[in-house]
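**Q** quick one: sequence plus predicted model below, questions after.
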Amino acid sequence: MHLFASLLPIRALVLGASLLATGLASAEAPANPHCPMMTEDEVESDHQVDFKGTPVALCCGKCERLWNANPQAAAYYVKVSTELGLLPQFKGKEKALGLDSIKLLPQRYCPINRKSLITPFSPSVDYHGTKVYFFNDKAKATWEKDPEAAAKKAIEAGILPQLKKAA
């Protein structure tokens, strides 16, 4: 019994370290139930990133890789997602986080993946003198197969406000 009692502090340390490593002991859990990138998708507990000390849950590894690839794009996602009500954990903190200096594009969503947000750093094409952004290269390739038909559908759906004048 004496040996077991002396091992208790070590076991407690090991358990505490494993909880911290898995995030179970995190002081703050993400407040967002939906992905701030693929806006209709529910988040998954194993896809979480950090923005200036605040956790953000994502829906998948694809979003996690995109988020981590470009800190400026991540800040843009936080700004637009907060305005859309997707990231309540940042509401009222925009100025303190420097989000108030980020200028949003008129276009918010990908014209192909219509519930996925875009950033100024997203893949894009020039369409009749106007820049159109896409969530990823796959969506851009889909657009390029028939840009006229894709533009028409996206304009009708209200996805491309920068093209309304051209419609």
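**A** All right, it came through fine.
**Q** is Asp50 located within a helix, as I assumed?
**A** No. Looking at Asp50 with DSSP: H, G, I helix; E, B strand; the rest coil, it is strand, so not inside a helix.
**Q** how about it: what's its closest non-neighbour residue?
**A** Nearest residue to Asp50, sequence neighbours excluded (C-beta to C-beta, 6 or more residues apart in numbering): Val56, at 7.1 Å. Glycine gets a C-beta too; all of them are placed from N, C-alpha and C.
**Q** list the buried ones in the helix or strand encompassing the one you found?
**A** For Val56, the host element (DSSP states H and E) is strand 54-57. For strand 54-57, the neighbour count (16 or more other C-beta atoms under 10 Å) marks Thr54, Pro55, Val56, Ala57 as buried.
**Q** which outside residues touch that strand?
**A** By C-beta atoms under 8 Å, 6 or more residues apart in numbering, the residues outside strand 54-57 that reach it are 26, 28-30, 32-33, 35-36, 43-45, 47-50, 67, 78, 87, 89-90.
**Q** got a quick PyMOL command for the buried subset of the residues you listed?
**A** Buried residues within these, by 16+ other C-beta under 10 Å, are selected in PyMOL with:
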select buried, resi 30+32+35+36+43+47+48+49+67+78+87+89+90
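**Q** re earlier: could you check how far the residue nearest to Asp50 is from Asp100?
**A** Distance, Val56 to Asp100, using C-beta to C-beta, to the nearest Å: 19 Å.
**Q** now do Asn136: how many residues are near it, please.
**A** Per other C-beta atoms under 10 Å, the neighbour tally for Asn136 reads 16.
**Q** correct me, but it touches Leu66?
**A** Yes. The criterion here is C-beta atoms under 8 Å, and Asn136 meets it with Leu66 at 7.4 Å.
**Q** output the below-cut-off pLDDT ranges for this protein.
**A** The model of the chain has pLDDT under 70 over residues 1-28, 164-167.
**Q** how about the strands in it?
**A** Along the chain, counting by DSSP state E, strands occupy 48-51, 54-57, 124-127, 130-133.
**Q** would you list these in JSON lines and tack on distance to Lys140?
**A** As requested, the strands of the chain are exported to JSON lines (distance: least, C-beta to C-beta, whole Å):
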{"stretch": "strand 48-51", "distance to Lys140": "24"}
{"stretch": "strand 54-57", "distance to Lys140": "25"}
{"stretch": "strand 124-127", "distance to Lys140": "6"}
{"stretch": "strand 130-133", "distance to Lys140": "9"}
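**Q** which one is Cys35 nearest to, not counting chain neighbours?
**A** Cys59 (3.8 Å).
**Q** one more: Ser81?
**A** With sequence-adjacent residues excluded and distances taken as C-beta to C-beta, 6+ apart, Ser81 is closest to Pro36, at 3.5 Å.
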